[in-house]
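Colleague: Build me a model:
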Amino acid sequence: MGCLTILLIFNLKTYYKFFKNFHKTRLMESISIPEREHIKELKCYLQDELNDCKFIKKECRNKIIQYFFDRNDSFLMEGKRLSVKEKSSLGINTRLQITHNFVSVLTPLGLARKNPKDILVSLHYKAIFAQIRDDNILQWNQQGIIDEYELSAVKDGRDCEWCLAMHGKKFSINTKQDLNKLIKDNCTCYSHCRLSMNAVIPSYWYDK
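Modeller: Numbers count the residues shown, from 1 in each chain. You can find the predicted model right below:
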(Lines give C-alpha, C1' and ligand atoms only; values in the text may rest on other atoms or scores of the structure.)
Protein backbone atom coordinates (compact mmCIF):
# COMPACT_ATOMS: atom_id res chain seq x y z
CA MET A 1 0.00 0.00 0.00
CA GLY A 2 1.46 3.36 -1.04
CA CYS A 3 2.22 6.21 1.37
CA LEU A 4 -0.40 8.47 -0.23
CA THR A 5 -3.09 5.80 0.14
CA ILE A 6 -2.20 5.36 3.81
CA LEU A 7 -2.33 9.14 4.33
CA LEU A 8 -5.78 9.43 2.73
CA ILE A 9 -7.17 6.54 4.79
CA PHE A 10 -5.71 8.13 7.92
CA ASN A 11 -7.36 11.45 7.08
CA LEU A 12 -10.77 9.81 6.70
CA LYS A 13 -10.35 7.98 10.00
CA THR A 14 -9.43 11.32 11.59
CA TYR A 15 -12.64 12.87 10.28
CA TYR A 16 -14.70 9.98 11.66
CA LYS A 17 -13.07 10.42 15.08
CA PHE A 18 -14.08 14.09 15.09
CA PHE A 19 -17.67 13.30 14.10
CA LYS A 20 -18.29 10.52 16.63
CA ASN A 21 -19.15 13.05 19.31
CA PHE A 22 -21.21 15.26 17.03
CA HIS A 23 -24.47 14.85 18.95
CA LYS A 24 -22.85 16.21 22.11
CA THR A 25 -21.78 19.57 20.69
CA ARG A 26 -22.61 22.13 18.03
CA LEU A 27 -22.10 20.66 14.58
CA MET A 28 -19.54 22.86 12.87
CA GLU A 29 -17.75 23.98 16.04
CA SER A 30 -17.02 20.49 17.33
CA ILE A 31 -14.44 19.72 14.66
CA SER A 32 -11.12 21.09 13.53
CA ILE A 33 -10.67 20.26 9.87
CA PRO A 34 -7.13 20.62 8.48
CA GLU A 35 -6.81 23.64 6.19
CA ARG A 36 -6.94 22.69 2.52
CA GLU A 37 -8.14 24.13 -0.74
CA HIS A 38 -11.85 23.62 -1.34
CA ILE A 39 -13.84 23.60 -4.57
CA LYS A 40 -16.68 25.25 -2.67
CA GLU A 41 -17.53 26.08 0.93
CA LEU A 42 -19.06 23.56 3.30
CA LYS A 43 -22.19 25.68 3.64
CA CYS A 44 -22.87 25.18 -0.08
CA TYR A 45 -22.69 21.41 0.30
CA LEU A 46 -25.04 21.55 3.27
CA GLN A 47 -27.46 23.68 1.26
CA ASP A 48 -27.33 21.11 -1.55
CA GLU A 49 -28.22 18.34 0.90
CA LEU A 50 -31.05 20.39 2.40
CA ASN A 51 -32.47 21.01 -1.07
CA ASP A 52 -32.84 17.25 -1.49
CA CYS A 53 -33.91 16.51 2.08
CA LYS A 54 -37.49 15.25 2.44
CA PHE A 55 -37.44 15.53 6.22
CA ILE A 56 -37.04 19.33 6.63
CA LYS A 57 -39.72 21.80 5.58
CA LYS A 58 -38.64 23.92 2.62
CA GLU A 59 -39.36 27.15 4.46
CA CYS A 60 -37.22 26.03 7.41
CA ARG A 61 -34.01 25.20 5.55
CA ASN A 62 -32.42 28.52 6.44
CA LYS A 63 -33.04 27.81 10.13
CA ILE A 64 -31.03 24.60 9.78
CA ILE A 65 -28.17 26.44 8.04
CA GLN A 66 -28.20 29.12 10.72
CA TYR A 67 -28.21 26.59 13.53
CA PHE A 68 -25.22 24.76 12.06
CA PHE A 69 -23.08 27.84 11.48
CA ASP A 70 -24.18 30.44 14.02
CA ARG A 71 -22.82 29.75 17.52
CA ASN A 72 -25.45 32.05 19.01
CA ASP A 73 -28.37 30.27 17.39
CA SER A 74 -29.92 27.54 19.52
CA PHE A 75 -33.50 27.74 18.26
CA LEU A 76 -33.80 24.02 17.50
CA MET A 77 -32.78 22.91 20.97
CA GLU A 78 -34.41 25.69 23.00
CA GLY A 79 -38.00 26.01 24.14
CA LYS A 80 -40.48 23.62 25.65
CA ARG A 81 -39.71 19.93 25.31
CA LEU A 82 -42.24 17.39 24.14
CA SER A 83 -43.89 15.38 26.88
CA VAL A 84 -43.71 11.59 26.90
CA LYS A 85 -47.33 11.52 25.78
CA GLU A 86 -46.64 13.88 22.87
CA LYS A 87 -43.61 11.87 21.74
CA SER A 88 -45.58 8.65 21.99
CA SER A 89 -48.41 10.07 19.89
CA LEU A 90 -45.91 11.09 17.20
CA GLY A 91 -44.13 7.74 17.27
CA ILE A 92 -40.88 9.32 18.48
CA ASN A 93 -38.62 7.48 20.90
CA THR A 94 -39.97 8.59 24.30
CA ARG A 95 -36.48 8.67 25.80
CA LEU A 96 -35.35 11.41 23.43
CA GLN A 97 -35.18 15.00 24.60
CA ILE A 98 -36.72 16.95 21.73
CA THR A 99 -38.28 20.41 21.62
CA HIS A 100 -41.39 21.80 19.96
CA ASN A 101 -39.09 24.14 18.00
CA PHE A 102 -37.24 21.20 16.48
CA VAL A 103 -40.46 19.37 15.65
CA SER A 104 -41.76 22.52 13.95
CA VAL A 105 -39.14 22.30 11.17
CA LEU A 106 -39.88 18.67 10.30
CA THR A 107 -42.09 17.35 7.52
CA PRO A 108 -44.45 14.39 8.17
CA LEU A 109 -41.68 12.12 6.84
CA GLY A 110 -39.25 13.65 9.32
CA LEU A 111 -41.67 13.16 12.18
CA ALA A 112 -42.11 9.53 11.16
CA ARG A 113 -38.50 8.73 12.04
CA LYS A 114 -37.88 7.09 15.40
CA ASN A 115 -35.03 9.50 16.10
CA PRO A 116 -35.56 12.78 14.20
CA LYS A 117 -32.25 14.12 15.53
CA ASP A 118 -30.53 11.63 13.22
CA ILE A 119 -31.62 13.89 10.37
CA LEU A 120 -29.15 16.57 11.46
CA VAL A 121 -26.34 14.05 11.81
CA SER A 122 -27.12 12.64 8.36
CA LEU A 123 -27.10 16.10 6.75
CA HIS A 124 -23.78 16.85 8.40
CA TYR A 125 -22.06 13.66 7.23
CA LYS A 126 -23.44 13.95 3.71
CA ALA A 127 -22.21 17.54 3.36
CA ILE A 128 -18.76 17.03 4.85
CA PHE A 129 -18.00 13.86 2.89
CA ALA A 130 -19.28 15.37 -0.36
CA GLN A 131 -16.76 18.15 0.17
CA ILE A 132 -13.99 15.66 0.98
CA ARG A 133 -14.66 13.70 -2.22
CA ASP A 134 -14.45 16.80 -4.41
CA ASP A 135 -11.35 18.02 -2.56
CA ASN A 136 -9.61 14.68 -2.99
CA ILE A 137 -10.06 14.76 -6.76
CA LEU A 138 -8.92 18.40 -6.84
CA GLN A 139 -5.74 17.60 -4.91
CA TRP A 140 -4.95 14.48 -6.95
CA ASN A 141 -5.26 16.48 -10.16
CA GLN A 142 -2.97 19.18 -8.78
CA GLN A 143 -0.38 16.65 -7.59
CA GLY A 144 -0.21 14.95 -10.97
CA ILE A 145 0.64 11.57 -9.45
CA ILE A 146 -2.68 9.74 -9.23
CA ASP A 147 -4.56 8.66 -12.34
CA GLU A 148 -7.41 6.77 -10.68
CA TYR A 149 -8.97 5.94 -7.33
CA GLU A 150 -10.76 2.91 -5.91
CA LEU A 151 -13.93 2.86 -3.82
CA SER A 152 -14.11 0.79 -0.63
CA ALA A 153 -17.25 -0.15 1.30
CA VAL A 154 -17.16 -0.50 5.09
CA LYS A 155 -18.76 -3.97 5.00
CA ASP A 156 -20.11 -3.88 8.55
CA GLY A 157 -23.67 -4.86 7.68
CA ARG A 158 -24.87 -1.27 7.30
CA ASP A 159 -23.92 -0.71 3.65
CA CYS A 160 -26.72 -0.59 1.13
CA GLU A 161 -26.64 -3.04 -1.81
CA TRP A 162 -25.39 -0.36 -4.18
CA CYS A 163 -22.45 0.59 -1.92
CA LEU A 164 -21.47 -3.07 -1.61
CA ALA A 165 -21.63 -3.43 -5.40
CA MET A 166 -19.33 -0.40 -5.76
CA HIS A 167 -16.63 -1.92 -3.54
CA GLY A 168 -13.42 -2.24 -5.55
CA LYS A 169 -14.67 -0.14 -8.48
CA LYS A 170 -12.04 2.16 -9.99
CA PHE A 171 -12.56 5.58 -11.52
CA SER A 172 -10.26 7.89 -13.44
CA ILE A 173 -9.75 11.26 -11.74
CA ASN A 174 -10.17 12.87 -15.16
CA THR A 175 -13.55 11.33 -15.85
CA LYS A 176 -16.59 13.57 -16.20
CA GLN A 177 -18.44 11.24 -13.82
CA ASP A 178 -19.60 13.23 -10.78
CA LEU A 179 -19.07 10.84 -7.87
CA ASN A 180 -21.25 12.88 -5.51
CA LYS A 181 -24.13 12.84 -7.99
CA LEU A 182 -23.64 9.10 -8.54
CA ILE A 183 -23.90 8.54 -4.80
CA LYS A 184 -26.88 10.86 -4.43
CA ASP A 185 -28.73 9.05 -7.21
CA ASN A 186 -28.00 5.50 -6.03
CA CYS A 187 -26.98 5.19 -2.37
CA THR A 188 -29.79 4.15 0.00
CA CYS A 189 -27.77 3.87 3.22
CA TYR A 190 -29.78 4.95 6.28
CA SER A 191 -27.66 7.96 7.24
CA HIS A 192 -25.08 8.63 4.55
CA CYS A 193 -22.76 6.98 2.07
CA ARG A 194 -19.62 5.68 3.76
CA LEU A 195 -17.68 4.64 0.66
CA SER A 196 -14.06 5.74 0.96
CA MET A 197 -11.84 6.87 -1.90
CA ASN A 198 -8.42 5.23 -2.01
CA ALA A 199 -5.78 6.57 -4.36
CA VAL A 200 -4.39 3.95 -6.72
CA ILE A 201 -0.63 4.41 -6.87
CA PRO A 202 0.73 3.82 -10.42
CA SER A 203 2.95 0.73 -10.51
CA TYR A 204 5.94 2.65 -11.85
CA TRP A 205 6.12 4.64 -8.60
CA TYR A 206 7.00 1.48 -6.69
CA ASP A 207 10.09 1.03 -8.85
CA LYS A 208 11.51 4.47 -8.02
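Colleague: For the helix or strand harbouring Ala199, give the mean pLDDT please.
Modeller: Secondary structure from DSSP states H and E places Ala199 in strand 196-200. Averaging pLDDT along strand 196-200 gives 93.
Colleague: Stretch 84-103 now?
Modeller: Here stretch 84-103 scores 91 as its mean pLDDT.
Colleague: Kindly report the same for stretch 117-128.
Modeller: Averaging pLDDT along stretch 117-128 gives 94.
Colleague: now for whichever helix in the chain runs longest, which elements pack on it?
Modeller: Looking across the chain with DSSP state H, the single longest helix is helix 118-143. When contacts are defined as 3 or more CB pairs under 8 Å, 6 or more residues apart in numbering; DSSP states H and E, helix 118-143 sits against helix 3-19, helix 42-52, helix 61-69, strand 148-152, helix 179-186, strand 196-200. Yep, even glycine has a C-beta here, placed from its N, CA and C like the rest.
Colleague: quick one: which of those has the weakest pLDDT on average?
Modeller: Among the helices and strands packed on helix 118-143, helix 3-19 scores lowest, at a mean of 44.
Colleague: Name the nearest residue to Thr190, ignoring sequence neighbours.
Modeller: Just so we're on the same page, residue 190 is Tyr rather than Thr. Distances taken as CB to CB, 6 or more residues apart in numbering place Arg158 nearest to Tyr190, at 7.0 Å, with adjacent residues excluded.
Colleague: Tell me how far that neighbour lies from Cys187.
Modeller: In this view, Arg158 and Cys187 are 12 Å apart by CB to CB, to the nearest Å.
Colleague: what's the answer for Arg61, then?
Modeller: With distances taken as CB to CB, Arg61 is found 21 Å from Cys187.
Colleague: same deal with Asp147?
Modeller: Asp147 is 25 Å from Cys187, where distance means CB to CB.
Colleague: Same question for Tyr125.
Modeller: Distance of Tyr125 to Cys187, given as CB to CB: 12 Å.
Colleague: Could I get the contacting residues of Val105?
Modeller: Each residue near Val105 by CB atoms under 8 Å, 6 or more residues apart in numbering is listed here: 56-57, 60, 63-64, 76.
Colleague: can you rerun that using 6 Å?
Modeller: Residues near Val105 by CB atoms under 6 Å, 6 or more residues apart in numbering: 56-57, 60, 63.
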